[in-house]
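Undergrad: need a 3D model of the sequence below.
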Amino acid sequence: MSSSHFIQNHPKIAAVVLAAGHSRRMGAPKLALPWGDSTVIGQVLSVLSQSGVQDVVVVTGGARQEVQQALQGWPVRQIYNPNHEQGEMLSSFQVGLAALGDDPNATLVVLGDQPQIQMHVVVKLLQVYAETGAPLVIPSYQMRRGHPWLVDRSLWADVMAICAPASLRDFLSDHQDSIHYVTVETGTILQDLDTPGDYLANRPST
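TA: Residues are numbered from 1 along each chain as shown. Okay, the predicted model is just below:
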């Protein structure tokens, strides 16, 4: 199925890109680092765009200025998470959800530091959601769940009700019976960039 055909026929799915980290282990704003002809976060946004996801909210926090510069030219909404120091991933996702409004049927939870993200994985998640309507659609590689994953609007209120120190992992554990796992053949769903070693080992050769 072509991506253009699929765009016309699947439910409205947005994406919340979590981009509020401080890159402490990297020692530099990792989302703005070069990645091929783009940047780390630019590569993530490119894959989302090619997959047919048109409503994208990027939640910023740490290294806000550098991330905003890397986002120049991308048709995304930028939302700042003032609480990014506390419960970074959960609070950032909650900020992103609140910004989505009433239009999307579901949203992807996307890591801004996962430039290895594969378009075929994203498209598969969208297809499975369109076919099953499962409240949670999560990729799995060798029995390990990864990112991005999808959450239906029916569960957004439950996400918004979570308070730290509870986390999104706790949310998934509480909703285990609602998960539809999609087995994939790529370990990229488990990979993000935390350290200079991660970056040097995975960045595209130039």
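Undergrad: next, the residue nearest the centre of the chain: phi, psi?
TA: Centroid-nearest residue in the chain, with CA atoms, centre = their mean: Val110, separated by 0.4 Å. Backbone torsions for Val110, taken as degrees, to the nearest 10, come to phi -120, psi 140.
Undergrad: cool, and Leu136?
TA: Per-residue torsions, Leu136: phi -130, psi 130 (degrees, to the nearest 10).
Undergrad: this structure: helices as residue ranges?
TA: Applying DSSP state H to the chain gives helices spanning 3-9, 40-50, 64-70, 88-100, 119-132, 156-160, 168-174, 196-202.
Undergrad: can you dump the C-alpha coordinates of the shortest one into CSV?
TA: Meaning helix 156-160. This file holds the C-alpha atoms of helix 156-160, laid out as CSV (Å, rounded to 0.1, in the frame of the first residue of the first chain):
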residue,chain,number,x,y,z
TRP,A,156,-5.7,10.0,27.0
ALA,A,157,-7.6,10.9,30.2
ASP,A,158,-5.8,8.1,32.0
VAL,A,159,-2.5,9.4,30.9
MET,A,160,-3.4,12.9,32.0
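Undergrad: any idea how far Leu193 is from Gly187?
TA: 14 Å (CB to CB, to the nearest Å). For every residue, glycine as well, the C-beta is placed using N, CA and C.
Undergrad: can you check Gly73 too?
TA: 31 Å.
Undergrad: ok, Tyr80 next?
TA: Using CB to CB, Tyr80 is found at 32 Å from Gly187.
Undergrad: can you check Pro196 too?
TA: 20 Å.
Undergrad: what do you get for Gln114?
TA: As judged by CB to CB, Gln114 and Gly187 stand 12 Å apart.
Undergrad: quick one, which of the two is more surrounded?
TA: Gln114 (24 against 12; other CB atoms under 10 Å).
Undergrad: how near is the residue nearest to that one when sequence neighbours are not counted to Asp55?
TA: Counting by CB to CB, 6 or more residues apart in numbering, Asp192 is the residue found nearest to Gln114 once chain neighbours are left out, at 4.7 Å. Counting by CB to CB, the gap from Asp192 to Asp55 is 23 Å.
Undergrad: who touches Leu90 in this structure?
TA: By CB atoms under 8 Å, 6 or more residues apart in numbering, the contact list for Leu90 reads Ile162, Ala164, Ala166, Ser167, Leu168.
Undergrad: again, 6 Å this time
TA: Shown in contact with Leu90 (CB atoms under 6 Å, 6 or more residues apart in numbering): Ser167, Leu168.
Undergrad: ok, the one 4 residues further on next?
TA: Contacts were defined as CB under 6 Å, 6+ apart; by that measure Gln94 touches Met160.
Undergrad: wait, Thr39 sits on Ala70?
TA: Yes. The pair Thr39 and Ala70 qualifies as a contact (CB atoms under 6 Å) at a distance of 4.5 Å.
Undergrad: alright, calling it a day.
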